[in-house]
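> Structure, please.
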Amino acid sequence: MSALEGFFPATSMPDPDWWHALWPRPVEVLERLGIEPDAEVVDLCCGDGFFTIPLARMVRHVAAIDLDPAMLALARDRAFAEGLTNCTFTVGDAYDLANLVPGHVDWVLIANTFHGVPDKTRLAGAVAAVLEPGGRFVVINWHRRPREQTVILGQPRGPKTELRMTPEEVTAAVGSAGLRPLLVIDLPPYHYASVFERLPQR
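Numbering: from 1, shown residues only. Next up, the predicted model:
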């Protein structure tokens, strides 16, 4: 667990070896979400940029946000090494998203972090505030299976069993923030993506 103040519990960046073993083709994961090429996207709690980099190859612009400056520096270095210029990197608290993103965006992605957010409805509200009407919020989560059953490279991985959430629990946490559940996408072997849409303002 990170010692950074405000860091969400049980959401530290995993070892790269098993992370790549779990997600050998991150582009395919992103393509299944239906993200459009001209989209403005926030990669929230981006870590070392595992999804930021393939996102940047797909879309118009990615705002990568993380509380950990060291992780964000790794993401920035990876983007620079690949010659990507359509990314911005901002150190900041996810709850403060409205002050970290200028204007509104089409998509917000949060991967493998939502289970550790202490106030999930508050975070969903922060996301809703930066989404365009019709914009989408994607939560990639571990399925609610016993940790001993989610084995990668011979060892159980992922958050503790009691922290894992069902899609229904994610919807219950997010739905009151003005975000409508659209669909749940299974992401084998151990994950799913819950996709929400910001309702038009009345």
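> helices and strands around the top strand by length along the chain, which ones?
When the chain is scanned for its longest strand (criterion: DSSP state E), the result is strand 131-142. When contacts are defined as 3 or more Cβ pairs under 8 Å, 6 or more residues apart in numbering; DSSP states H and E, strand 131-142 packs onto strand 105-111, helix 120-130, helix 167-174, strand 179-187, strand 191-198. All C-beta atoms are positioned from the backbone trio N, CA, C, and that covers glycine.
> Redo the ones you listed as a markdown table? Include mean pLDDT, distance to residue 95 and mean neighbour count.
Converted to a markdown table, the helices and strands packed on strand 131-142 look like this (pLDDT from 0 to 100; distance: least, Cβ to Cβ, whole Å; neighbours: other Cβ atoms under 10 Å):
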| stretch | mean pLDDT | distance to residue 95 | mean neighbour count |
| --- | --- | --- | --- |
| strand 105-111 | 97 | 12 | 24 |
| helix 120-130 | 96 | 6 | 21 |
| helix 167-174 | 96 | 14 | 18 |
| strand 179-187 | 96 | 16 | 16 |
| strand 191-198 | 97 | 18 | 21 |
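> closest one to residue 99 among those?
helix 120-130 (9.5 Å; Cβ to Cβ).
> Can you say which of the helices and strands packed on strand 131-142 is nearest to residue 149?
For the helices and strands packed on strand 131-142, distance to residue 149 was read as Cβ to Cβ. The smallest value, 13.2 Å, belongs to strand 191-198.
> That closest one packs against which elements?
Packing partners of strand 191-198 (3+ Cβ pairs under 8 Å, 6+ apart): helix 26-33, strand 131-142, helix 167-174, strand 179-187.
> what sits against residue 189?
Shown in contact with residue 189 (Cβ atoms under 8 Å, 6 or more residues apart in numbering): 22, 150.
> re earlier: make a markdown table out of the helices and strands packed on strand 131-142 and add distance to residue 89.
Output for the helices and strands packed on strand 131-142, formatted as a markdown table (distance: least, Cβ to Cβ, whole Å):
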| stretch | distance to residue 89 |
| --- | --- |
| strand 105-111 | 15 |
| helix 120-130 | 17 |
| helix 167-174 | 26 |
| strand 179-187 | 25 |
| strand 191-198 | 24 |
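> and stretch 152-164, how far out from the chain's middle?
Relative to the centre of its chain, stretch 152-164 is centred 18 Å away, using Cα atoms, centre = their mean, to the nearest Å.
> Likewise for stretch 102-115?
6 Å.
> Now that stretch - C-alpha only, CSV.
Extracted in CSV, the C-alpha atoms of stretch 102-115 (Å, rounded to 0.1, in the frame of the first residue of the first chain):
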residue,chain,number,x,y,z
PRO,A,102,-10.2,21.6,-18.3
GLY,A,103,-13.6,21.4,-19.9
HIS,A,104,-15.7,18.2,-20.4
VAL,A,105,-14.6,14.8,-21.8
ASP,A,106,-16.2,11.9,-23.6
TRP,A,107,-14.9,9.0,-21.5
VAL,A,108,-13.5,8.4,-18.1
LEU,A,109,-11.8,5.1,-17.4
ILE,A,110,-10.8,3.7,-14.0
ALA,A,111,-9.2,0.3,-14.0
ASN,A,112,-8.7,-2.0,-11.0
THR,A,113,-9.1,0.8,-8.5
PHE,A,114,-12.8,1.4,-7.8
HIS,A,115,-13.0,-1.5,-5.3
